[in-house]
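Chemist: Sequence plus predicted model, see below.
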There are 2 protein chains.
Amino acid sequence: MTRLAIIGPGLLGGSIALAARRAAGFHVAVWARRAEAVAELQKRALAEVASTDLAEVVHDADIVVLAVPIGIMGSLARQIASLVPSRAIITDVGSCKGPVVEELSPIFAQRGRFVGSHPMAGSERTGLEAARAGLFDGAACIVTPDSRTDAEAVTTIHNFWQTLGGRVLELSPAEHDEIVAMVSHFPHLLAAALVNLVAEKNATALEFAGPGFRDTTRVASGPPEMWTEILRSNHTAVRASVEAMIEKLREIATLLDHDASMTALLTQAKTQRDQLRFPKHSHA
Amino acid sequence: MTRLAIIGPGLLGGSIALAARRAAGFHVAVWARRAEAVAELQKRALAEVASTDLAEVVHDADIVVLAVPIGIMGSLARQIASLVPSRAIITDVGSCKGPVVEELSPIFAQRGRFVGSHPMAGSERTGLEAARAGLFDGAACIVTPDSRTDAEAVTTIHNFWQTLGGRVLELSPAEHDEIVAMVSHFPHLLAAALVNLVAEKNATALEFAGPGFRDTTRVASGPPEMWTEILRSNHTAVRASVEAMIEKLREIATLLDHDASMTALLTQAKTQRDQLRFPKHSHA
């Protein structure tokens, strides 16, 4: 029986609890800041322990998952560091890994062992009500050790995400941030930019949006404060993608009249897009 | 009983046949260029008449729908103009309306009456096998009369799309093209640009694509030749969107470090995106 402590009862924390229950072999304790969230956890019987008391949740944990916004991760980690057993392995689910690993590794240098991770299974929906056991099925779960990271901790967290259904991959924090800027953070910003562009240029146009526009802009419905934090944390890599897209669009503007170039461009995109493999169980 | 002739048995033509059957009150004839497509139409009993002979399909039509790529619409229209009864009302399903209306209106000036339309219900999937009766349910179907257009023809085609399940809207061809550039043509190009950007900068990153990237880039899997035609037909409006996006990204690059500005930008996008209404029956 693995004693699992989940810090934060949102979409990811709740889904981790549900996936752990489905996998069996876990004793699950969940911390929530608000009493209402604890009541909801208890009502839905999502965990053996649900509490606003950090000590009660983490005191005997084998694995602690920080499933809270990046902005409050440091302060929670400092509180947890004095409460966990020394055997505890701590991970997080933050979308940006360089700054998180930099901040959290030293906090757990004396007590517990930290390894960063990022299950790429977010959604524009948030909160416990959107949580589900299958959220991680087939999703890329990236584990991000650096030179300081304990090898056993990496193995434990690797196996943990695999048990929850994830497709586990390992990257350095810097590699992770560059890659995720390209396939997640910048696409999010681009979707928001597209919605705003249309709204500003011709608001009527939005009434004509069809399935293509719906899917292209879906992520723009994500929580603005959370995404502000993510984009700030990873602003160097995101800015590089913004600049690269400006260059790409400048090039495309010169090709719009050249059928052969446009067909080549669209064929390249279709070929690459068709090769992508995605989680089997995707949300609506 | 309305005698309906559909020219082209692809996703849209096939779905029109299926939707007309569901609605009842239609006698459906479908023209296909290839004998194999005619055999498939007959096998699936999608129409009362299926033929490679244009005259057989259109000779007694009340409504003719041109559901073929924009590039061959003119030549087919010229053949049809000498074959239809003078009462016939002709429409098309082209994604760009200015050039199509300009070309087709004079062709049907002597015989039949033309009004352009654009059911916004395309998909990255193509062909008869992707066709379904519910494709137009709740989809914006834009009818694009200009100063030359016969009022009765507009009413007939308006009612036709409504009968097939569409949400009918009227725009001038120029308004249509500007709007569709923003919510369909440019977003398609942007999705292709994003896929190519990532593939060129860091191909490994594509292995980490999650549900957000999947949806943001879905349309990039559309048929390159068809989209080359669409983008060329509407290149002025598409170029204006490309230039506007370059400006927007330049502005965003200066805001990435300013939390309040980023939250405002993302909140504006979320608010607009959350207000969009989409067809109930959307494809997967």
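Modeler: Here it is on my side, so go on. Residues are numbered from 1 along each chain as shown, chains lettered A, B, ... in the order given.

Chemist: State the pLDDT value of residue A:211.
Modeler: Model confidence at residue A:211, expressed as pLDDT, equals 84.

Chemist: Residue A:177 is in contact with residue A:100, isn't it?
Modeler: No. Residue A:177 lies out of contact with residue A:100 (CB atoms under 8 Å); the separation is 9.7 Å. For glycine as for every other residue, the C-beta is placed from the backbone atoms N, C-alpha and C.

Chemist: tell me, what's touching those two both at once?
Modeler: Taking CB atoms under 8 Å, 6 or more residues apart in numbering or on different chains as the criterion, residue A:177 and residue A:100 do not both touch any residue.

Chemist: And the strands in the stretch 51-200 of chain A?
Modeler: A:63-66, A:89-92, A:113-114, A:116-119, A:140-144, A:167-170 (DSSP state E, counting those that start in this stretch).

Chemist: now the ones you listed in JSON lines, with mean pLDDT and mean neighbour count?
Modeler: Formatted as JSON lines, these follow (pLDDT from 0 to 100; neighbours: other CB atoms under 10 Å in any protein chain shown):
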{"stretch": "strand A:63-66", "mean pLDDT": "98", "mean neighbour count": "26"}
{"stretch": "strand A:89-92", "mean pLDDT": "98", "mean neighbour count": "26"}
{"stretch": "strand A:113-114", "mean pLDDT": "96", "mean neighbour count": "26"}
{"stretch": "strand A:116-119", "mean pLDDT": "96", "mean neighbour count": "28"}
{"stretch": "strand A:140-144", "mean pLDDT": "96", "mean neighbour count": "25"}
{"stretch": "strand A:167-170", "mean pLDDT": "95", "mean neighbour count": "18"}
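
Chemist: so which of those strands comes closest to chain B?
Modeler: When these are compared for distance to chain B using CB to the nearest CB, the nearest one is strand A:140-144, at 5.0 Å.

Chemist: Counting residues, which helix of chain A comes out longest?
Modeler: helix A:235-255 (DSSP state H).

Chemist: mind showing which ranges of the stretch 1-150 of chain A have poor pLDDT?
Modeler: Along the stretch 1-150 of chain A, the model assigns pLDDT under 70 to residues A:124.

Chemist: Do a quick rundown of the helices in the stretch 101-250 of chain A.
Modeler: Using DSSP state H, counting those that start in this stretch, the helices of the stretch 101-250 of chain A run over residues A:151-163, A:173-180, A:186-201, A:211-217, A:224-233, A:235-255.

Chemist: Make JSON lines out of the ones you listed and add distance to chain B and mean neighbour count.
Modeler: What follows is these, written out as JSON lines (distance: least, CB to the nearest CB, whole Å; neighbours: other CB atoms under 10 Å in any protein chain shown):
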{"stretch": "helix A:151-163", "distance to chain B": "14", "mean neighbour count": "18"}
{"stretch": "helix A:173-180", "distance to chain B": "4", "mean neighbour count": "22"}
{"stretch": "helix A:186-201", "distance to chain B": "4", "mean neighbour count": "24"}
{"stretch": "helix A:211-217", "distance to chain B": "4", "mean neighbour count": "24"}
{"stretch": "helix A:224-233", "distance to chain B": "4", "mean neighbour count": "22"}
{"stretch": "helix A:235-255", "distance to chain B": "5", "mean neighbour count": "17"}
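
Chemist: TSV please, covering the strands of the stretch 51-200 of chain A and showing distance to chain B.
Modeler: As requested, the strands of the stretch 51-200 of chain A are exported to TSV (distance: least, CB to the nearest CB, whole Å):
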stretch	distance to chain B
strand A:63-66	18
strand A:89-92	17
strand A:113-114	22
strand A:116-119	9
strand A:140-144	5
strand A:167-170	7
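
Chemist: I figured residue A:167 was touching residue A:138, is that so?
Modeler: Yes. Counting by CB under 8 Å, residue A:167 does reach residue A:138; the two are 5.8 Å apart.

Chemist: Not counting sequence-adjacent ones, nearest residue to residue A:165?
Modeler: Nearest in space to residue A:165, with sequence neighbours left out and distances taken as CB to CB, 6 or more residues apart in numbering or on different chains, is residue A:137 at 3.9 Å.

Chemist: what about the one you found, neighbour count?
Modeler: 18 (other CB atoms under 10 Å in any protein chain shown).

Chemist: go on, residue A:48?
Modeler: Neighbours of residue A:48 (other CB under 10 Å): 14.

Chemist: cool, residue A:76 as well?
Modeler: The burial count for residue A:76: 20, using other CB under 10 Å.

Chemist: contacting residues around it?
Modeler: Contacts of residue A:76 by CB under 8 Å, 6+ apart are A:7, A:54, A:66, A:68.

Chemist: how about CSV for those residues, with distance to residue A:252 added?
Modeler: Formatted as CSV, the contacts of residue A:76 follow (distance: CB to CB, whole Å):
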residue, distance to residue A:252
A:7, 45
A:54, 51
A:66, 41
A:68, 40
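
Chemist: Narrow the residues you listed to those in helices?
Modeler: residue A:54.

Chemist: Let me know whether residue A:120 touches residue B:208 as I believe.
Modeler: Yes. With contacts counted by CB under 8 Å, residue A:120 reaches residue B:208, the gap being 6.4 Å.

Chemist: Many thanks, I have nothing further to ask.
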